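Undergrad: Coordinates for the following, if possible.
(chains A and B)
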Amino acid sequence: MDSAFVDLTCSYIPTEVIRAAGFTPRRWLPAAAGAGGGLPQSLCCYARACAAGSGAAAVFTTCCDGMRRCYDLRALRGDRVFILDLPRTAHEAAVTYFAGELQRLADWLADLGGRPITAASLAEAIDPESRRQQSLLGMAAGASVAEWYGLLLKGWTEPSTAAHMKRGASCKPIRNGPAVLLTGACPPDSGFIAAVEESGLRPAGLDFCTTARCSVEPPAGRDHDPWLALARAYLAKPPCPRTADRARRRAYLEQLLDRTGARGVVLYAFKFCDHTAYDLGLWRTVCRHRGLPLLYLEGEYGARVPGQFLTRLHAFREALKA
Amino acid sequence: MNLRPYVSKLDWQKHLRNPRTYGVLEILTYLWRTGPLDAHRKAAFRWGLQLLRRAYRRERPVVWTNVYTPPELIWALGGLPFMPEVAAAVVASLGSAPALLQAAQSAWYSTDLCSFHRCGLGLALTNLAPRPDVILATGHLCDGAVKFLEAAAEVYGVPFYVLHVPYAGGVREVRWLAAEMEALSRELRPLLGGDERLRASVARNSNLARRYLLEINELRARDPTPWSGQEALTQVAVLFMAPGTPGGVQFYRWLWRALHLRVRLNRPAIPRQRFRLLWLHFRPYYPSPTLSWLEREAGAVVAFEEVHNVTWDPLDPHAFWSGLAARMLGNPLWGPARRRAEQVLHLVRRYRVDGVVHFAHWGCRQSNGAVPLLQSTCAGAGVPFLNLEGDCIDARNAGPGQMLTRLQAFLEVLEGRKSGDHGRR
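TA: Got it, this is the predicted structure:
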C-alpha cells in the first residue's frame, strides 16, 4: 500500500506533480528519532527523525544541511529517495530553474512506475490539488487552535483518511487571552499549540510550514507552461526562514502581524535549526520596531512539551497583560 | 614571528582598523630574512597585509563572501574579496576570538551556530572588519554561510546577493549558473568595474597558481611528505582568497620551490613520519597543541587535506563564467555526500595514507552530517577513520586533553594494523 504514497519533507514540494504522476502525496512527520537514528546528534531533530523511512518513496529538498544529509543517508541505505534543488529566491531565473527541477522530479516519479506527466495532465492536476489544500487549511472553524492544528496535521500526513473533513469543536476556542503569533521554521506537534492555549494565550496566527506557509496561490494565467506556473506559485508562496530575501520575508511577517492583530510573538525553534536561529535576528528587529514582546522557545521535534515551557508561556502572558 | 604578546598589549581594535598598521607591517616584512624553504610564508603574510591595507583604505570596493566562493569571481568582478570565516581563523590564532564570539552572543546569535560564522558576525557587530560595499553569498557548501552573510548585510545596510549553486552538476546547471554570474557581473559593473581585460588577467593568474598547486600536490604524495599538515591547513587562507592575483602565483611558486628543494635534499618538514593521514575539514585555529603533537611528537603526518585537492579545470578567459560555474558545481563538498566520499577514497589511494581524520567542527551541519557516510565508505575500504570532535574557532567547545586521548587511541589502532602487516608500507 505504501508504494502509492510519496513522503514529502518540505512544503516547497508541489503536491500537484505527485498527484499528476498518480501517487498520493503525504507530509512525512515521523516519530522522533532515537539515539541510533544514523545522523549525528548535532543535527536538527526533525532531520534526524526523517532518516527513518516509512517504506514509501520520499522527496527531499535542499532546504537545509540536515535534510541534505538525511537524503544522503537514506540513499546510502537504498531507499527510493529524490532531492529537489530549491532556490532561495523567487526571481525569474530561479523560477525557470525550479521548473526544470520539477520536470526532473516528474522523470523520477515515472521511473518509480508513475504516470508520465504531460503539460496537459499537470495543468489538470493543479486545480483539484489547490482546492484540497485550501479545504485543509480552512477546515474546522470554531475548534480550539490545537485541535484544528491536530486535524490539519492528520490531513497532511494521512491524506487517505477523511480526518480533514471532521468538523465541529470538542473544546471551546479561547476567546479572551492575549493574541499571539506562533512562528518557526519547522512543524511543531499539536502538543505545543495546546500548551500555548493552556497558558491562556490565544494563537491568532500560525506561521509554520504545515500552516500559513502551505498556502500556495493557484497559478495565474501569466504562464502558458504549467511547469513554470507551478514553479512560480511555489517560490512565491509565503517565504520560510530559509529564503534569502529578507525584505520579502519581513514584509510577510509584518503583514501577518497586521492581519492577526497579535500582541506578542512566540518563536518556536528546534534545537540545531540554523534557519530559525538566524530568523531570530529578523524577528527581534520586527518586534522591536513594533514594540511587541518576543518569546523564544527551543525544543525538540516530537518530544513532550517540557514544564519549563508552560512556566515561560505563563510569564509571557502576564507580561502581555501588564 | 609570534605577534600574540604584542597584540595583547595594544589597543589593537583601533590599530586593526587603520590601513597604516598594515603598511608598517608590510615594510617590516622586508626585515624578515627567509631562505628558499620558507620564502612562501613571507609571501603569504605580505599578500595578506596588502589585502587588508587595500581593504581598510578602500582602494577598491570590498566584497564580503564565504569560503569556497572562487576568489576569481570577486577579483574578476572588480572587488576585493574579504572572507569573514578566514578572518575568524586569523583572529582565533591571535587568541582574540572570544571577544567577537561574545559580541555575537550578546546579539542573540545562538552558541549552537558555527563559530566561524558567529565570529564573522562579531567582526561585523564590532565594526572591526573592513566595511563591505557588497555582500555576496554562494549557496553551496552550507546554509549557515548564506544566513550569516545576510545578517551581516543587515548590520552594514549594504546590498546582499545570493548566488544559487545548483545541487547537481550537469550541462544545464553549468549553463544556468554561468548565466547567473554573468548577470551579476553586469549588475555590479557600475559599482565594481570588472571587465573583460580583468577577467583575462584573473584567468591567467588563476591558471598559473593552479599549475603550481598541482605540482605541489604531486610532491606531497611522496614519502616522506615534504610539507606539514599544520602549515598546509593554515595556508588554506591563501587558497581561498589569493588565486587570480599575482600574489597567489608568487606564493604557490615559492611553495613549490620550497617543497621541491625539501624533496631533493631529503629534508621533510616533519622528520620522523610513522603514519600518513588524510585530514578532512579544517583544524583548530586558536592556540592548540593538537596538530603539533600529532605531527611532531607522534610522527603522524597529515600527508594531505581534502581542501587542497584541485578538482577544477583551467579557466578559459573566453568562457570565464562557465569555467567558474563548472568549478563550483564540481566541488566535492557540494552535492550528494557520496561525491565527497568518492574523493576521500581517491585521496586515500593517491596519498597512500594509513588513516583518515575528520575534524568535526561544532556547528558544521554539512560536514558532520556526512560522517556516517564517510565512516561507512572508509570501513568498506578497510581504512581506519576517526571523527575528532572539536571546534576550529571557539576553544571553549573543545578539550585538548580529550582530543589528544582520542588521537592516541587512533594511532594505537594504526600501530596495531602496521605490526599486523595490514598497513600500506
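Undergrad: Check what contacts the lengthiest helix in chain B and list those residues.
TA: The helix that spans the most residues within chain B, counting by DSSP state H, is helix B:196-220. Contact with helix B:196-220 is made by B:72, B:75-76, B:78, B:226-227, B:239, B:242-246, B:248-249, B:251-253, B:255-256, B:259-260, B:263, B:303-304, B:308-310, B:312, B:314-317, B:320, B:323, B:351, as judged by CB atoms under 8 Å, 6 or more residues apart in numbering or on different chains. From N, CA and C alone the C-beta is placed, and that goes for glycine too.
Undergrad: Which ones among those map onto helices?
TA: Here DSSP H is the test, and the contacts of helix B:196-220 give B:72, B:75-76, B:239, B:246, B:248-249, B:251-253, B:255-256, B:259-260, B:263, B:320, B:323 as lying in helices.
Undergrad: circling back: buried residues, the longest helix of chain B. List them.
TA: Using 16 or more other CB atoms under 10 Å in any protein chain shown as the test for burial, helix B:196-220 gives B:198-199, B:201-213, B:215-217, B:219-220.
Undergrad: circling back to that earlier point, show me just the buried residues among the ones in helices among the contacts of helix B:196-220.
TA: B:72, B:75-76, B:239, B:248-249, B:251-253, B:255-256, B:259, B:263, B:320, B:323.
Undergrad: what's the neighbour count on residue 308?
TA: Let's take chain A. 10 (other CB atoms under 10 Å in any protein chain shown).
Undergrad: let's do chain B instead
TA: 19.
Undergrad: distance of it from chain A?
TA: Counting by CB to the nearest CB, to the nearest Å, the separation of residue B:308 from chain A is 23 Å.
Undergrad: show me the contacts for residue 314.
TA: All of this is about chain A. A:199-200 are the contacts of residue A:314 under CB under 8 Å, 6+ apart.
Undergrad: Switch to chain B, please.
TA: Contact analysis of residue B:314 by CB under 8 Å, 6+ apart lists B:203, B:206-207, B:210-211, B:323.
Undergrad: Which two of these have the greatest separation?
TA: B:211 and B:323 (15.1 Å; CB to CB).
Undergrad: Report the separation between residue A:29 and residue A:191.
TA: Taking CB to CB, to the nearest Å as the criterion, residue A:29 is separated from residue A:191 by 13 Å.
Undergrad: Equivalent analysis for residue B:318, please.
TA: Distance from residue B:318 to residue A:191, by CB to CB: 61 Å.
Undergrad: got the residue ranges for the helices in the stretch 51-200 of chain A?
TA: Along the stretch 51-200 of chain A, counting by DSSP state H, counting those that start in this stretch, helices occupy A:65-76, A:92-111, A:119-137, A:145-157, A:190-198.
Undergrad: what's the distance between the third one and the middle of its chain?
TA: Average the C-alpha atoms of helix A:119-137, do the same for its chain, and the two points are 18 Å apart (CA atoms, centre = their mean, to the nearest Å).
Undergrad: Could you list the buried residues of the helix or strand that contains residue B:41?
TA: Using DSSP states H and E, residue B:41 sits within helix B:39-57. If you call a residue buried by 16+ other CB under 10 Å, then helix B:39-57 has these buried ones: B:39-56.
Undergrad: so who does residue B:389 touch?
TA: With contact set as CB under 8 Å, 6+ apart, residue B:389 has these partners: B:360, B:362, B:398, B:403.
Undergrad: Compare the residues you listed and tell me which is most surrounded.
TA: Going by other CB under 10 Å, residue B:398 tops the contacts of residue B:389 with 23 neighbours.
Undergrad: Name the residue closest to the centre of chain B, please.
TA: residue B:236 (3.7 Å; CA atoms, centre = their mean).
Undergrad: neighbours around residue B:172, how many?
TA: 13.
Undergrad: Also the one 10 residues further on?
TA: Other residues near residue B:182 come to 14 when the count uses other CB under 10 Å.
Undergrad: does it sit in a helix, a strand or a coil?
TA: helix (DSSP: H, G, I helix; E, B strand; the rest coil).
Undergrad: And it, what's its pLDDT?
TA: Predicted confidence (pLDDT) for residue B:182: 97.
Undergrad: Hmm, it is touching residue B:319, no?
TA: No: look at residue B:182 against residue B:319 with CB atoms under 8 Å: they stay out of range, at 10.9 Å.
Undergrad: Spit out the contact partners of residue B:333.
TA: By CB under 8 Å, 6+ apart, residue B:333 lies in contact with B:68, B:140-141, B:306, B:340, B:366-367.
Undergrad: filter those down to the ones near chain A?
TA: Among the contacts of residue B:333, the ones lying near chain A by CB under 8 Å from any CB of the partner chain are residue B:366.
Undergrad: what's the closest of the contacts of residue B:333 to chain A?
TA: residue B:366 (4.2 Å; CB to the nearest CB).
Undergrad: who touches the helix or strand where that closest one lies?
TA: Following DSSP H and E, the helix or strand that holds residue B:366 is helix B:365-368. Here helix B:365-368 makes contact (CB under 8 Å, 6+ apart) with A:40, A:42-44, A:64-66, A:68-69, A:272, A:274, B:141-144, B:280-281, B:333, B:358, B:360-361.
Undergrad: Can you name the element that comes right after that helix?
TA: Next along the chain after helix B:365-368, with elements defined by DSSP H and E, is helix B:371-381.
Undergrad: Just the buried positions in that next one, please.
TA: Neighbour-count burial for helix B:371-381, counted by 16+ other CB under 10 Å, picks out B:371-375, B:377-378.
Undergrad: now do stretch A:290-307
TA: In stretch A:290-307, counting by 16+ other CB under 10 Å, buried: A:292, A:294-302, A:305.
Undergrad: Find me the pLDDT at residue 69, would you?
TA: Since you didn't name a chain, this refers to chain A. pLDDT at residue A:69 comes out at 95.
Undergrad: ah, I was thinking of chain B
TA: For residue B:69, pLDDT reads 97.
Undergrad: that's a strand at it, yeah?
TA: No: read with three-state DSSP, residue B:69 is coil and lies in no strand.
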